[in-house]
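Visitor: please find the sequence and the predicted model below.
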Amino acid sequence: MTRTYAIIGDPIDHSLSPALHNASFAFLRLDCTYIAYRIPRGDLTAAIADLKKIGIAGFNVTIPHKVDMMRLLDEIDEECRKVGATNTVVNTDGKLKGYNTDVCGFLDPIRKRNIDCTGTDVLLVGAGGAARAIIAGFANEKVRKITIANRTQQRAEEMVRFAKQLGVESEYMDLAKAGDSASSFRFIVNATSVGLKGMGCPISTRNITRDSIVYDIVYMPVETQLIQQAKEQGATIIYGWEMLLAQAMRSFEIWIGKPAPYEAMKLTLLGRF
Ligand SMILES: NC(=O)c1ccc[n+]([C@@H]2O[C@H](COP(=O)([O-])OP(=O)(O)OC[C@H]3O[C@@H](n4cnc5c(N)ncnc54)[C@H](OP(=O)(O)O)[C@@H]3O)[C@@H](O)[C@H]2O)c1
């Protein structure tokens, strides 16, 4: 019987996940399919019951349900519990187990470049759902300190507390001052949605140096303004599409139990931009 997977969220119509996963299923000749399912905020509980009724094999979770989905899980993977949000769920006979593949998805491009994060200082710009996974990832890698800048100070303060809970030194920084301090950090990570569709740059970039590693998790366009300007300053660049690909590969592996086809997924992803 064909196994069906899905991504749930709202909005969902521009998600690249169906293309990525369906390409992998076709490449490996698996009898599986993957759909996008829009679930508005407030409709989650009923929609999950419906997904169970149709025997969904597994699903990805995106904005705005990553945190709310946690209370509907029967079992929670350790990394997922640490982050407090899930983006990947497995359905085994009606029992749902949640994972968070954003953490290893975020770290994968860093590891591929053999960058050692131990003892480094991080400037994290943004304090939304993705920021939580990034903090958990950097905590795993034993960074020294995560400085968090965000438009809304209160959300940044929450993230500072979260980082400290995970044993990492952390403090808030005013977003307007973050760019001026850029040279004090080894990593500068953009986890805001600023830069999406070519709109704006989250911080001023003149103090980014050749020693900086600039990681922009925004993946559309591939070359955000932050990436373009950081390149001109000679920084090492990590692209948002690399994280997107790595977290999708990990979801695939959790569901299917075999390695995801990297080249097929990468070609599909980059062909979409
Ligand atoms: N590459 C990947 O695999 C991957 C994975 C996850 C997410 N992402 C991308 O990462 C971005 C953030 O995702 P998320 O899930 O964390 O979203 P989210 O929970 O909605 O958080 C959005 C963040 O962006 C900030 N922000 C939004 N508009 C802003 C503006 N005009 N000026 C300054 N800050 C602004 C918000 O600040 P406030 O707190 O002040 O509202 C918040 O920090 C999205 O673009 C998403 O597509 C990429």
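Guide: Now that the structure is in, tell me what you want to look at. Residues are numbered from 1 along each chain as shown.

Visitor: with just CA atoms, put stretch 88-102 into CSV.
Guide: In CSV, the C-alpha atoms belonging to stretch 88-102 read as follows (Å, rounded to 0.1, in the frame of the first residue of the first chain):
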residue,chain,number,x,y,z
THR,A,88,9.0,15.6,12.2
VAL,A,89,6.5,13.1,13.4
VAL,A,90,6.3,9.3,12.9
ASN,A,91,2.9,7.5,13.1
THR,A,92,3.1,3.9,14.2
ASP,A,93,-0.4,2.4,14.5
GLY,A,94,-1.9,5.7,15.7
LYS,A,95,0.9,6.4,18.2
LEU,A,96,2.8,9.6,17.3
LYS,A,97,6.5,10.1,18.0
GLY,A,98,8.0,13.6,17.6
TYR,A,99,11.6,14.5,16.5
ASN,A,100,13.3,17.8,15.8
THR,A,101,15.6,17.6,12.7
ASP,A,102,16.3,21.3,12.6
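
Visitor: what are the contacting residues of that stretch?
Guide: 48, 51-52, 55-61, 69-70, 72-77, 79-80, 83, 85-87, 130, 133-134, 136-137, 243, 247-248, 250-251, 254-255 (Cβ atoms under 8 Å, 6 or more residues apart in numbering). C-beta coordinates here come from the backbone N, C-alpha and C atoms, glycine included.

Visitor: which of those residues fall within strands?
Guide: 58-61, 75-76 (DSSP state E).

Visitor: quick check, nearest of these to residue 273?
Guide: Within the ones in strands among the contacts of stretch 88-102, the smallest distance to residue 273 is 19.6 Å, found for residue 60 (Cβ to Cβ).

Visitor: the closest one pairs with what?
Guide: residue 7, residue 88 (DSSP bridges).

Visitor: let's have the chain start at 17 instead
Guide: Understood, numbering begins at 17; the last thing we discussed is residue 76.

Visitor: number of residues surrounding residue 287?
Guide: By other Cβ atoms under 10 Å, the residues close to residue 287 number 9.

Visitor: does it sit in a helix, a strand or a coil?
Guide: helix (DSSP: H, G, I helix; E, B strand; the rest coil).

Visitor: now swap in residue 38 and tell me
Guide: helix.

Visitor: follow-up on the earlier one: quick one: buried ones out of the ones in strands among the contacts of stretch 104-118?
Guide: 74-77, 92 (16 or more other Cβ atoms under 10 Å).

Visitor: sorry, back to before: and the contacts of stretch 104-118 near the ligand, which?
Guide: 146, 259, 263 (Cβ under 6 Å from any ligand atom).

Visitor: now the stretch 117-266 of the chain against the ligand: closest residue?
Guide: Of all residues in the stretch 117-266 of the chain, residue 144 sits closest to the ligand, at 2.0 Å by Cβ to the nearest ligand atom.

Visitor: count the residues that sit near that residue.
Guide: 15.

Visitor: hang on, isn't it packed against residue 171?
Guide: Yes: at 7.3 Å, residue 144 counts as touching residue 171 under the criterion of Cβ atoms under 8 Å.

Visitor: which strands border the strand or helix carrying residue 50, and is each parallel or antiparallel?
Guide: According to DSSP states H and E, residue 50 maps onto strand 48-54. As defined by DSSP bridges, the strand partners of strand 48-54 come to strand 19-25 (parallel).

Visitor: quick one: contacts of the partner strand?
Guide: Taking Cβ under 8 Å, 6+ apart as the rule, strand 19-25 contacts 31, 33-34, 37, 46-55, 60, 63, 67, 70-81, 271.

Visitor: much appreciated, bye for now.
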